[in-house]
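> here's my sequence, what's the structure:
(2 chains)
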Amino acid sequence: MFDSYESFQGGVFHASVPEGRAGASIYLTHSEIVAKTQPEGEQTFSIRLSECQLDLGGASGRMLFCRTPDRSLTIFCEEKGFAQALHQDAMGTLSEQLSNLCMTQRRSENQFRFWVMASAVLLVVLCVGGYYGVLAASRAAVHALPISVDEKIGTIAMQSMDLEEPLDEEHPANQLVAGIVDRLKPHAAIREMDFNVVVVESDEVNAFALPGGEIVVYTGLIEQAESAEQIAGVIAHEMSHATLRHGLQSVSQSLGIIAAIQIMIGDVGGLLALGSELAQESILTGYSRGAETEADLEGARMLHAAHIDPKSMAEFFELLKEQQGDIPGVIAWISTHPQHAQRIENIINYEKTLPKVEYHLLDLDLSAAQQALK
Amino acid sequence: MKHEILCRPAATAVRFSLDAEESLTCEVGAMIAMTSGLHVETTSRKRGGGGGLMKGLKRMLSGESFFLNHFTAEKPDQSLLIGPTMLGDCIHHAMRGGTMIVQGSSWMASSSDIEIDTTWQGFTSALFSGESMFWVKCSGDGDLFLSSYGAIYAVEVDGAYTVDTGHIVAFEDTLQFKLGKAGKSLIGSFLGGEGLVCKFQGQGTLYCQSHNPPSLGKLLGPKLKPK
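Numbers count the residues shown, from 1 in each chain, chains lettered A, B, ... in the order given. Sure thing, here's the model as predicted:
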């Protein structure tokens, strides 16, 4: 009888059905919604479209319920085309109810979308905030530690590094560097730090500081420098890394972040091992851009306090910038010290803000050291 | 196929009497005892095709096993005894063409015509309902057997009904389930020990369990000695 009509799979609630509920095939005629329980044709129920009351619900939230006014009979369907077919066949009788339901559903979907977005944003804010929080906390924690910690880490790092034999203490290059350190030392931010400089034979134009005041200068740097003041500029920069405790900070930051991740995720042994390795690397391979800028300005302050022209540091960067590409060794220093032009500008601008003092040239013989290295 | 539910509700088992060629699909590990004329087949598929690898994996998400056991009687008059993992109740639900949404580990057995699939009930309910993220969706015509921790009671919902999180066993898909607070204020709900509750809306059958496993875990956990 209903073969000519489109059929939908759904169900029916009625007291006469065993257990009160049964699956049914649903047909739409122009005046009624008809449900035939399964197996086919067992019982037939119908609701007149004109008295049908619609409701949306079900586990998916998309099930359409059609009820008689006394709620004794309910026909329900979840199929996609059902609402559309109902809208067409009802010829406007149910349009108002359908559009109301549509609006309610859209509102709840929008609400859901809002909450998903809001939780996503909150999660991002928590992650970013947590990251910077950990960085700031570990920075503060580092300053509470005694310098002996820096010294111990520096000594271990120094031993683990595969360096060439340092030059003899009597070597003019060593004398030159030791002279510069002596001049700068009284102006270091941490008075009690014991600086120890070694000159190592290598063509690389490089120098680095380890936590605790261990400073390594490569002979390549001395050979390429145009004046003793330029070397003083580099050494002041490296001494600043030590006094600002950048090495310990990068270790504690990496460890702090790993600890935070561990608290969130649980036990992550592999991640921890990776993290401690990373931390060890970070001391040896370089500091963050922020740490470099900090060391530049602190170095400039030290130079100024020692009556050495801070512009010599900028000059050395200029020199490196010009030679970049000519000497393969230069690349090493540049790769860990980015944005040269910006740094030169920063140093020159900072120097202008310092009180005017008379700068003295260093009483040290660079050419003798360079001769001896040849 | 006839069934008899024994020893309700604390230590329930279900005894089936199967005639030749009748078969039953069970949760892995549910079998307690059986007569010798039953053939057991273990696959990840529904009996006679359907399903396969993906269905098996999806079932695992819902806390069920990857495999299903199909028991088929090769001779007349066979008997099979099955029971739930936890101390608790079993019920029989006759399905007539509808869909039943069952909590992760509560599905125990069903006649072979019933389709077993996995569904999920949205983010919020997944995170905070105390139920598993995925649910087992049973649909078709036939018998469905569910197990629980504690006793099962059925509620015919028409309108609204509230159940504490962790106490849902199964509900018909004509019911909508949302998470809400027990009292008017959120703080009051938590102080009252109820916290969040599951609010059902609509018309249909809902099965609840009298106890819930996480509460037992919370009670026992602190008393256990560390390894």
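> wait, is residue A:69 part of a helix?
No - looking at residue A:69 with DSSP: H, G, I helix; E, B strand; the rest coil, it is coil, so not inside a helix.
> ramachandran angles for it?
The phi/psi pair for residue A:69 (degrees, to the nearest 10) reads phi -60, psi -30.
> ok, now residue A:21?
phi -150, psi 140.
> what's the burial count for it?
Neighbours of residue A:21 under the rule other CB atoms under 10 Å in any protein chain shown: 24. C-beta here means a position set from N, CA and C on the backbone, and glycine is covered the same way.
> got the residues of chain B near chain A?
Neighbours of chain A within chain B, by CB under 8 Å from any CB of the partner chain: B:94, B:96-99, B:101, B:119, B:121-124, B:141, B:156, B:158, B:171-177, B:201-205.
> from those, list the buried ones, please.
Using 16 or more other CB atoms under 10 Å in any protein chain shown as the burial test, the residues of chain B next to chain A include B:96-99, B:101, B:119, B:121-122, B:141, B:171-177, B:201-205 as buried.
> tell me which helix or strand comes right after the lowest-mean-pLDDT helix or strand in chain B.
Ranking every helix and strand in chain B by mean pLDDT, DSSP states H and E puts helix B:123-128 at the bottom, with a mean of 58. As assigned by DSSP states H and E, the chain's next helix or strand after helix B:123-128 is strand B:134-147.
> where does the residue in chain B positioned nearest to chain A sit: helix, strand or coil?
Scanning chain B for the residue nearest chain A gives residue B:97, at 1.7 Å (criterion: CB to the nearest CB). Assigned with three-state DSSP, residue B:97 falls in the strand class.
> in the stretch 1-150 of chain A, where is pLDDT below threshold?
A:1-4, A:39-41, A:91 (pLDDT under 70).
> tell me the buried residues in stretch A:17-25?
A:17, A:21, A:22, A:23, A:24, A:25.
> select from those residues every entry located in strands.
Among those, the members found in strands (DSSP state E) are A:21, A:22, A:23, A:24, A:25.
> longest helix anywhere in chain A?
Longest helix of chain A, by residue count under DSSP state H: helix A:95-144.
> so what's the gap between that helix and the chain middle?
In terms of CA atoms, centre = their mean, to the nearest Å, the centre of helix A:95-144 is found 18 Å from the chain centre.
> show me the contact partners of the next helix or strand after it.
Per DSSP H and E, the first helix or strand lying C-terminal to helix A:95-144 is helix A:147-160. Contacts to helix A:147-160, defined as CB atoms under 8 Å, 6 or more residues apart in numbering or on different chains, come from residues A:190, A:192-194, A:210-214, A:242, A:245, A:247-248, A:251, A:280, A:283-284.
> one more time with 6 Å, if that's ok
Helix A:147-160 is contacted from outside by A:210, A:211, A:212, A:214, A:248, A:283, using CB atoms under 6 Å, 6 or more residues apart in numbering or on different chains.
> go on, stretch B:54-71?
Here stretch B:54-71 makes contact (CB under 6 Å, 6+ apart) with B:23-26, B:28, B:38, B:40-42, B:44, B:47, B:80, B:104-105, B:118, B:132, B:134-136.
> also stretch A:350-369?
Counting by CB under 6 Å, 6+ apart, A:172-173, A:176, A:179, A:222, A:228-229, A:297, A:300, A:304, A:307, A:309-310 sit against stretch A:350-369.
> which one of these is nearest to residue A:111?
For those, the minimum distance to residue A:111 (CB to CB) is 51.4 Å, reached by residue A:297.
> what's the neighbour count on the nearest residue to that closest one once chain neighbours are set aside?
Closest residue in space to residue A:297, ignoring its immediate chain neighbours: residue A:350 at 5.4 Å, by CB to CB, 6 or more residues apart in numbering or on different chains. Counted with other CB under 10 Å, the neighbours of residue A:350 add up to 16.
> quick one: residue A:350 is in a helix?
Yes - counting by three-state DSSP, residue A:350 falls inside a helix.
> which strands and helices lie in contact with the strand or helix carrying residue B:101?
In the assignment (DSSP H and E), residue B:101 maps to strand B:90-102. Strand B:90-102 sits against strand A:21-28, strand B:134-147, strand B:168-172, with contacts defined as 3 or more CB pairs under 6 Å, 6 or more residues apart in numbering or on different chains; DSSP states H and E.
> any bit of the longest helix of chain A sitting next to chain B?
No - using CB under 6 Å from any CB of the partner chain, we find that helix A:95-144 stays clear of chain B, coming within 7.0 Å at best.
> elements contacting that helix?
Counting by 3+ CB pairs under 6 Å, 6+ apart, helix A:95-144 packs on strand A:53-57, helix A:246-265.
> what about 8 Å?
strand A:53-57, helix A:82-89, helix A:246-265 (3 or more CB pairs under 8 Å, 6 or more residues apart in numbering or on different chains; DSSP states H and E).
> out of the ones you listed, which gets nearest to residue A:100?
For residue A:100, the closest of the helices and strands packed on helix A:95-144 is strand A:53-57, at 8.4 Å, according to CB to CB.
> with adjacent residues omitted, what lies nearest to whichever residue of chain A sits closest to chain B?
Going by CB to the nearest CB, chain B is nearest to residue A:23 of chain A, at 1.7 Å. Nearest non-adjacent residue to residue A:23, counting by CB to CB, 6+ apart: residue B:97, 1.7 Å away.
> tell me who's in contact with the one you found.
Residue B:97 neighbours (CB under 8 Å, 6+ apart): A:11, A:22, A:23, A:24, A:37, A:38, B:140, B:141.
> nearest to residue B:162, of the residues you listed?
Residue B:162 lies nearest to residue A:11 out of the contacts of residue B:97, by CB to CB, at 24.3 Å.
> go ahead and confirm the closest one touches residue A:76.
Yes - applying CB atoms under 8 Å as the test, residue A:11 and residue A:76 come out as touching, 5.5 Å apart.
> overlap in contacts, these two.
Counting by CB under 8 Å, 6+ apart, the residues touching both residue A:11 and residue A:76 are residue B:174.
> ok so, going back, now mean neighbour count and distance to residue B:164 too, for the helices and strands packed on helix A:95-144, in a markdown table please.
Listed next are the helices and strands packed on helix A:95-144 as a markdown table, based on neighbours: other CB atoms under 10 Å in any protein chain shown; distance: least, CB to CB, whole Å:
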| stretch | mean neighbour count | distance to residue B:164 |
| --- | --- | --- |
| strand A:53-57 | 18 | 21 |
| helix A:82-89 | 18 | 34 |
| helix A:246-265 | 19 | 29 |
